[in-house]
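# Next comes the sequence, and after it the predicted model I'd like to discuss.
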2 protein chains.
Amino acid sequence: MARNTQVAADHHAPAVTQILSQHVATHPGFAAGGWNETVDHEAHRTFLNWLGCAVGAAQHESVDSALAAVQLLQPAPQASVLGRSEKVDMASAALLNGISSHTFDFDDTHLKTIIHPAGPVASSLLALAQHTGASGRELIDALVLGIDVSCRVGNAMYPDHYDRGWHITGSTGTLGAAAACARLLKLDVQQTVMALGIAASQPIGMREQFGTMTKPFHPGAAARAGLMSALLASKGFTASTKALEAPRGMMQTVSTKNTWSEIIGALGQRFEISFNTYKPFACGIVIHPAIDACAQLKAKDVEASEIERIELKVHSLVLELTGKKEPQDGLQAKFSVYHGCAAGLTFGFAAEDEFSDAVVNRPDMVALRRKVVATVDDAIDEASADVTAVLQDGRRVHVFVKHAIGSMQNPMTTALLEAKFRGLSEPVLGAQQTGELMAACWGVGEAATLDAVLALAVPR
Amino acid sequence: MARNTQVAADHHAPAVTQILSQHVATHPGFAAGGWNETVDHEAHRTFLNWLGCAVGAAQHESVDSALAAVQLLQPAPQASVLGRSEKVDMASAALLNGISSHTFDFDDTHLKTIIHPAGPVASSLLALAQHTGASGRELIDALVLGIDVSCRVGNAMYPDHYDRGWHITGSTGTLGAAAACARLLKLDVQQTVMALGIAASQPIGMREQFGTMTKPFHPGAAARAGLMSALLASKGFTASTKALEAPRGMMQTVSTKNTWSEIIGALGQRFEISFNTYKPFACGIVIHPAIDACAQLKAKDVEASEIERIELKVHSLVLELTGKKEPQDGLQAKFSVYHGCAAGLTFGFAAEDEFSDAVVNRPDMVALRRKVVATVDDAIDEASADVTAVLQDGRRVHVFVKHAIGSMQNPMTTALLEAKFRGLSEPVLGAQQTGELMAACWGVGEAATLDAVLALAVPR
């Protein structure tokens, strides 16, 4: 029976479902001058980075497991599983590519909300585009607008929604995927309202799942649910026109904070994809400044073998989250700033391979991370690190990293992004095909179809 | 970045994910004396009633629309869509049957939580059972245990979770469907923990969707998600072992109230399916006592044509929710106690046909409902109605209904349940096949396979 006890229901929320749908369905897109080259380049970086993450994790056991489960449905061979030879129906492909692209926790990050936006949005789009034969430009335009929807809703609800327990990537990702697929399907405003409305009943993901396969399942399931919401809307399925903002709609049900202006402010002028970042290192973002600093020491010719001691000064949060001194395997090493420093000093970077069990247990790595002496200094920002190498001959080499590589202030260069892509893709597709795939990704906005990208993104 | 601001996180919750999984995976079932005949009969009633609702709505536009959308996936013909000739993959069949069985809002109700438990659980089970060739007994056992899981979790979170905006049928239904499918797949305890864990990241449904196709989408999507969670677990996919109860697990994320004892108390002794009820009338449950009273007046030979006035006394909530005096169509009539009284007096009942646009606009119905004078009397319980027919000759005929037919205290008889089933199924499958289908449902617990039920539940 209905009761009216909900705390602080907002009965005067603006019509954000309608406003976002209007934005997605009627925006002119890049070709008509809808955004500038910088925004569009960010969309290409987002696409390339996402694709590399998915290809790189294609043989991971979580993808094997999920693929075996969806194959029980005997899916139609409609769409590609990135980095693999199997084909499945487009909804299952959206699921699988969403899982693989987030499996290494190495994908993109919208730092304002810690949403990983490409997983749900790009995974749903590529599977649908393969089926509909969309152009590369249509895909990129839909990617920009889909990410705009999920991140704007995320901005409105963050941090309350995340603090409460939601994995915000999955819970807002369904909306982004639905919006992007609605755009790709050329749904009109009213149908787009329905797509967002159906998606609004399916927020996905609890933070308790972190550390299990269900974490990367969240962007995958969001991609699948968003794609299906758009397909349902295209066939006349109905939902509330106020599914996001109503007192018992999605947002007020899953968040106490709802800053509506974050959704409707500067719509069509500010694109949230402009604030997307790409991880250079395959681990939690609080370790990145320390790894960056140690990589810079290596670049200054500090040899691991001549190190007496590494003096590391960081904010207390860094040690609280990643203070594991003696990691026993790759997963634990992702929560060890000590291992991160050793990897930076030894390899100059820390991608997925540098967090393998084998590398983590190498005697030289064990010895080197024991030389790291970490102290807390809350005068140093969470996003910074102060590192001094004390050498056996008494020399001291100092590096202070204010903003690590990969941050908004110090973004990944194209060269670094390509190096990261190669590290992910070459073990799966080989060096030559990886190079061709990267070229196809950079040129996707001009491609008449996605055929080239799709052919190059699976093993020959 | 992690913060710890969640209100009143409970770090000492019992291990309900493990406890429920143990219950589902290791319960001996009916044949080994796990529950009595009364519980088992309720399971058959639940199955029969659910099947009739799904068959009855099989041609509804919401099912047409959803079917058209899933057919874009080119699904494998694995499983039947009830009441229709199409076959689709089992996950899509779970979705479609969940949608159709809830489309008329005429399915079962667990009154303690207002969960409609069969939609998610039976829809996922029948689709999976068709694929695996399970026996009828395996299906009924899994139905009892799946409903136990969803309703126990519902008991723990109700009413806060519902008040907050969640459509509790969909949000707990994913868990019930996952548990039931795990049981049918004979998953062990640890795999069942994973199935429940994966499902815990996918609560579905906001109350804002009431009145749209997305409302019946909720049990359908829950059936689909639960089935897929069990399939994923069967192939080694992992989730948190504390996905329900952890501070950032599902339950604490979506509900402030979590009465753990509702989940673990009398497990294996009290079965929640014992508290399942079936609607005799195709409308909101608060109108049922008034319809029942008017049907009793008709049984006392009160003729509609000789009525001067109907004096109806009800609790204020009844008029608050269903006080629409002049409904213009069938949907509005479902929120009109005035139309309900007219239907009871005219037909002696009020199934889906009696809420059709045509019946609602019949001149005799319009005239009759204008003779209903409703007054509020909060001394009368919400579940009761006091009705007096004042006839043109001055006679007064009085009926007081304390508990309407279909309530826990006055359950639907087998005869009424069969009459309801016929009303739903005969327009779709004809009288003879409907009779055979009912017989197959009553005997399903002894059936070696579900072949007979499945063959009879689709048009010949």
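Arrived safely.

# Do a quick rundown of the strands in chain A.
Secondary structure of chain A (DSSP state E): strands located at A:79-80, A:87-88, A:108-110, A:276-278, A:307-314, A:372-376, A:385-391, A:396-401.

# JSON lines for those, including mean pLDDT?
JSON lines is the format used below for the strands of chain A (pLDDT from 0 to 100):
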{"stretch": "strand A:79-80", "mean pLDDT": "97"}
{"stretch": "strand A:87-88", "mean pLDDT": "98"}
{"stretch": "strand A:108-110", "mean pLDDT": "95"}
{"stretch": "strand A:276-278", "mean pLDDT": "96"}
{"stretch": "strand A:307-314", "mean pLDDT": "97"}
{"stretch": "strand A:372-376", "mean pLDDT": "97"}
{"stretch": "strand A:385-391", "mean pLDDT": "98"}
{"stretch": "strand A:396-401", "mean pLDDT": "98"}
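
# Low-confidence stretches in chain A?
Per-residue confidence for chain A (pLDDT under 70) gives these ranges: A:1-7.

# one more time with 80
The model of chain A has pLDDT under 80 over residues A:1-8.

# rewinding a little: what's the closest of the strands of chain A to B:Trp442?
Distance to B:Trp442, taken as Cβ to Cβ, is lowest for strand A:87-88 among these, at 39.7 Å. (Each C-beta comes from the backbone N, C-alpha and C, glycine too.)

# Show me how far stretch A:433-449 is from its chain's centre.
20 Å (Cα atoms, centre = their mean, to the nearest Å).

# so what's A:Ile405 up against?
A:Pro280, A:His288, A:Asp292, A:Met412, A:Leu416 (Cβ atoms under 8 Å, 6 or more residues apart in numbering or on different chains).

# Show me just the buried residues among the residues you listed.
Neighbour counting by 16 or more other Cβ atoms under 10 Å in any protein chain shown classes A:Pro280, A:His288, A:Asp292, A:Met412 among those as buried.

# quick one: which of the contacts of A:Ile405 is nearest to B:His398?
A:His288 (78.4 Å).

# ok, now which ones touch the residue in the stretch 201-350 of chain A that chain B sits nearest to?
Residue of the stretch 201-350 of chain A nearest chain B, by Cβ to the nearest Cβ: A:Thr253 (3.3 Å). For A:Thr253, the contacting residues are B:Arg164, B:Gly165, B:Trp166, B:Met206, by Cβ under 8 Å, 6+ apart.

# Distance check, it against B:Ala246.
Using Cβ to Cβ, to the nearest Å, A:Thr253 is found at 20 Å from B:Ala246.

# With A:Val193 instead?
36 Å.

# what does A:Ala9 give?
28 Å.

# Neighbour count for those two, which is higher?
B:Ala246 (25 against 15; other Cβ atoms under 10 Å in any protein chain shown).

# these two touch, right, that one and A:Glu208?
Yes: the criterion here is Cβ atoms under 8 Å, and B:Ala246 meets it with A:Glu208 at 4.2 Å.

# For these two, list the residues in contact with both.
B:Ser240.

# what does the stretch 201-350 of chain A put close to chain B?
Contact residues, the stretch 201-350 of chain A versus chain B (Cβ under 8 Å from any Cβ of the partner chain): A:201-209, A:211-214, A:217-218, A:221, A:225, A:228, A:231-232, A:234-240, A:242-243, A:246-250, A:252-254, A:286, A:317, A:321.

# Without its sequence neighbours, what residue ends up closest to the residue in chain A sticking out farthest from the centre?
Centroid-distance maximum for chain A: A:Asp393 at 43.6 Å, with Cα atoms, centre = their mean. Spatial nearest neighbour of A:Asp393, chain neighbours left out: A:Glu306 (7.2 Å); criterion: Cβ to Cβ, 6 or more residues apart in numbering or on different chains.

# State the number of residues packed around that neighbour.
By other Cβ under 10 Å, 12 other residues sit near A:Glu306.

# That one and A:Val390 touch, don't they?
No: counting by Cβ under 8 Å, A:Glu306 sits too far from A:Val390 to count as a contact (10.2 Å).

# I'd like to know how far the nearest residue to A:Ala68 once chain neighbours are set aside sits from B:Leu227.
Distances taken as Cβ to Cβ, 6+ apart put B:Lys235 closest to A:Ala68, at 4.1 Å, once the chain neighbours are dropped. Applying Cβ to Cβ, the value for B:Lys235 to B:Leu227 is 13 Å.

# Repeat that for A:Ala177.
21 Å.

# just A:Ala419 next, same as before
A:Ala419 is 42 Å from B:Leu227, by Cβ to Cβ.

# Which one of these two is surrounded by more residues?
Neighbours were counted for A:Ala419 and for B:Leu227 using other Cβ under 10 Å; B:Leu227 has more, 35 against 15.

# Can you report how many residues lie near the closest residue in space to that one that isn't next to it in sequence?
Leaving aside its sequence neighbours, B:Leu227 sits nearest to B:Ser124 (Cβ to Cβ, 6+ apart; 4.1 Å). By the criterion of other Cβ under 10 Å, B:Ser124 has 39 neighbours.

# Now do the contacts for B:Ser124.
B:Ala94, B:Gly98, B:Gly146, B:Ala177, B:Ala180, B:Cys181, B:Ala223, B:Arg224, B:Gly226, B:Leu227, B:Ala230.

# Just the ones in helices from those residues, please.
B:Ala94, B:Gly98, B:Gly146, B:Ala177, B:Ala180, B:Cys181, B:Ala223, B:Arg224, B:Gly226, B:Leu227, B:Ala230 (DSSP state H).

# can you tell me which of those residues lies nearest to A:Ala57?
B:Ala230 (24.0 Å).

# which residues does the closest one contact?
B:Ser124, B:Leu128, B:Ala177, B:Ala178, B:Cys181, B:Ala182, B:Leu184, B:Leu185, B:Leu187, B:Ala195.

# go again using 7 Å as the cut-off
Under the criterion of Cβ atoms under 7 Å, 6 or more residues apart in numbering or on different chains, the contact list for B:Ala230 reads B:Ala178, B:Cys181, B:Ala182, B:Leu185, B:Leu187, B:Ala195.

# Who wins on neighbours among those?
Most surrounded of the contacts of B:Ala230: other Cβ under 10 Å gives B:Ala178, at 39 neighbours.

# My guess is it contacts B:Gly197. True?
No: B:Ala178 is beyond contact range of B:Gly197, at 8.9 Å (criterion: Cβ atoms under 7 Å).

# on that earlier part again, tell me how many other residues crowd the nearest residue to the residue of the stretch 201-350 of chain A closest to chain B once chain neighbours are set aside.
Leaving aside its chain neighbours, A:Thr253 sits nearest to B:Gly165 (3.3 Å; criterion: Cβ to Cβ, 6+ apart). Using other Cβ under 10 Å, B:Gly165 has 22 neighbouring residues.
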